[in-house]
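S.K.: fold the following for me, if possible:
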Amino acid sequence: MITARQLNEDRGSIVLYFAIVIAALLLVVGFVVDGAGRIRAIQQADQVAREAARQAGQALDIQSVRGAGVSVDPAAGRAAAQRYLAAAGVAGNVTFSGSTVRVTTEVAYTPLFLPIGGSVRGQGEARTVRVLAGTER
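M.R.: Numbers count the residues shown, from 1 in each chain. Presented below is the predicted three-dimensional model:
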């Protein structure tokens, strides 16, 4: 036979169980929400970097327009990329290597639940090529 004293000894044990389960569920929700937000921030950083590189790659040197090879005017390309980055509200760096333009960006990310914030980086690259009769030259 169960006495009243034995029943009172188990009292409150379910509250502890629910507290642990709810804390674990909140942690999982935090990882899902903040992880998705971080992925979106990385995608934004990459997209802005790619578009800024494309903008810089379209700033051709005057000799390229006249058909004497393909090269990007670094000053005009850097200015075009920086204008795009400024319009997007993103900080970035533009580098040139031959006919290739590389843009790296940094986007701030503030998490909603967990303290795993900071900033994320993105990269984009564009290569200027000369195409005649459908073939790259």
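S.K.: give me the most central residue, the protein.
M.R.: Ile42 (1.6 Å; CA atoms, centre = their mean).
S.K.: please name the nearest non-neighbouring residue to that one.
M.R.: Val120 (4.8 Å; CB to CB, 6 or more residues apart in numbering). In this view, the C-beta of every residue, glycine as well, is placed from N, C-alpha and C.
S.K.: so that neighbour sits against Arg40, correct?
M.R.: No - between Val120 and Arg40 there is no contact under CB atoms under 8 Å: 9.6 Å.
S.K.: have a look at those two and say which one is more surrounded.
M.R.: Val120 (19 against 13; other CB atoms under 10 Å).
S.K.: could you list the buried residues of the one helix or strand that one maps to?
M.R.: Per DSSP states H and E: Val120 is located in strand 118-127. Applying a neighbour-count criterion of 16 or more other CB atoms under 10 Å, one finds Val120, Gly122, Gly124, Glu125, Ala126 buried in strand 118-127.
S.K.: in a markdown table, list these along with distance to Leu27.
M.R.: Formatted as a markdown table, the buried residues of strand 118-127 follow (distance: CB to CB, whole Å):
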| residue | distance to Leu27 |
| --- | --- |
| Val120 | 22 |
| Gly122 | 28 |
| Gly124 | 35 |
| Glu125 | 38 |
| Ala126 | 41 |
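S.K.: out of those residues, which is nearest to Ala56?
M.R.: Ala126 (6.7 Å; CB to CB).
S.K.: check contacts around the residue nearest to the centre of the chain.
M.R.: Neighbouring residues of Ile42 by CB atoms under 8 Å, 6 or more residues apart in numbering: Val107, Val120, Gly122.
S.K.: please redo it, this time with the cut-off set to 10 Å
M.R.: Listed by CB atoms under 10 Å, 6 or more residues apart in numbering, the contact set of Ile42 reads Val107, Tyr109, Val120, Arg121, Gly122.
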